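> okay, predicted coordinates and the sequence, questions at the end:
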Amino acid sequence: MNIVSYDIRLVVLDMAGTTVADDGLVERAFQAAAGSLGVEAGSPEHAKMLDHVRATMGESKISVFRHLFGEEEKAQRANTAFEAAYHDLVDAGHCEALPGAAEAIAELRGQGRKVVLTTGFSRATQDRILTALGWESIADLTLCPAEAGRGRPYPDLALTALLRTGTDAVRQIAVAGDTGYDMLTGSRAGASVVAGVLTGAHGEERLRTDGATHVLASVAELPALLAG
């Protein structure tokens with residue numbers, strides 16, 4: 001592992017796949033959403049859509065549905081069905097922190113860094129996850145795409161985190177996530193550290209292609225990396 005010596009003041013962490021186990025929940029909720037619009041599971045159309053969902057993991061979910069269904073009304077219907085299905089899965093107990101994630105967040109804050117949790121989900125879904133985990137106060141701030149302007153792969157979430165936490169410079173940001181879109185967000189925001197983790201959607205090649213400065217086995221390794 002390459003040790004960094006940057007003066008990192010702000011750590012922007014993804015949720016599903018990075019700090020929170022996904023375990024196929026996104027794909028299961030997508031199947032319910034697609035079914036609500038008449039796309040049958042196992043059909044060629046469903047398979048093509050699922051490929052797009054996998055490739056764009058990390059992106060704002062409403063943006064994904066706009067791409068898949070074209071019409072805004074259909075996208076909104078799909079998004080509503082997706083959220084309802086995801087909420088049901090969370091409420092049924094299918095939501096847990098990844099090993100070492102909570103401890104890593106506590107350690108990062110103990111090092112004097114601000115921690116912001118970000119997501120491609122809506123605020124309602126993000127809050128559902130935070131409540132299920134008892135994480136309402138685990139970070140300094142939580143952000144969803146609607147609160148930042150644009151979701152990933154744009155830099156808005158990281159830059160909004162910078163503004164909201166009063167961080168002085170983009171070079172003081174570290175971004176960590178499990179998808180290529182997380183890496184693009186970090187690199188486009190000018191973050192000094194863009195760390196990919198191998199606990200979620202994308203592998204090392206995709207993470208490095210999209211701008212990872214470091215690739216870690218999990219977010220549990222991030223505090224040691226930043227401590228240098």
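Everything's here; your move.
> pLDDT below threshold where in the protein?
For the chain, residues meeting the criterion pLDDT under 70 lie at 1-6.
> which stretches in it count as helices?
For the chain, the helices defined by DSSP state H occupy 25-36, 44-55, 61-69, 72-91, 101-110, 123-133, 156-165, 180-189, 204-209, 222-227.
> turn those into a markdown table, columns for distance to residue 215.
Placement of C-beta: from N, CA and C, glycine included. Formatted as a markdown table, these follow (distance: least, CB to CB, whole Å):
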| stretch | distance to residue 215 |
| --- | --- |
| helix 25-36 | 22 |
| helix 44-55 | 19 |
| helix 61-69 | 25 |
| helix 72-91 | 28 |
| helix 101-110 | 16 |
| helix 123-133 | 25 |
| helix 156-165 | 18 |
| helix 180-189 | 10 |
| helix 204-209 | 5 |
| helix 222-227 | 11 |
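> could you save the ones you listed as TSV and add columns showing mean neighbour count and distance to residue 8?
Output for the helices of the chain, formatted as TSV (neighbours: other CB atoms under 10 Å; distance: least, CB to CB, whole Å):
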stretch	mean neighbour count	distance to residue 8
helix 25-36	20	29
helix 44-55	14	30
helix 61-69	21	29
helix 72-91	18	31
helix 101-110	18	9
helix 123-133	18	24
helix 156-165	22	12
helix 180-189	26	12
helix 204-209	16	19
helix 222-227	19	5
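> I'd like to know which of these is closest to residue 195.
Relative to residue 195, the nearest member of those by CB to CB is helix 222-227, separated by 6.1 Å.
> burial count for the closest residue to residue 57 other than its chain neighbours?
Spatially, and ignoring its direct neighbours in sequence, residue 57 is nearest to residue 201 (3.7 Å; CB to CB, 6 or more residues apart in numbering). Counted with other CB atoms under 10 Å, the neighbours of residue 201 add up to 24.
> how far does stretch 84-92 sit from its chain's centre?
Put simply, stretch 84-92 sits 18 Å off its chain's centre (CA atoms, centre = their mean, to the nearest Å).
> other residues contacting it?
Defining contact as CB atoms under 8 Å, 6 or more residues apart in numbering, one finds that stretch 84-92 is touched by 25-26, 28-29, 31-33, 95, 121, 124-125, 128-129, 132.
> if you set the cut-off to 10 Å instead, what comes out?
16, 20, 23-26, 28-33, 35-36, 61, 94-95, 121-122, 124-125, 128-129, 131-133 (CB atoms under 10 Å, 6 or more residues apart in numbering).
> picking up where we left off before, to residue 140, which of the helices of the chain lies closest?
Judged by CB to CB, the one of the helices of the chain that comes nearest to residue 140 is helix 156-165, at 6.2 Å.
> I appreciate the help and will end here.
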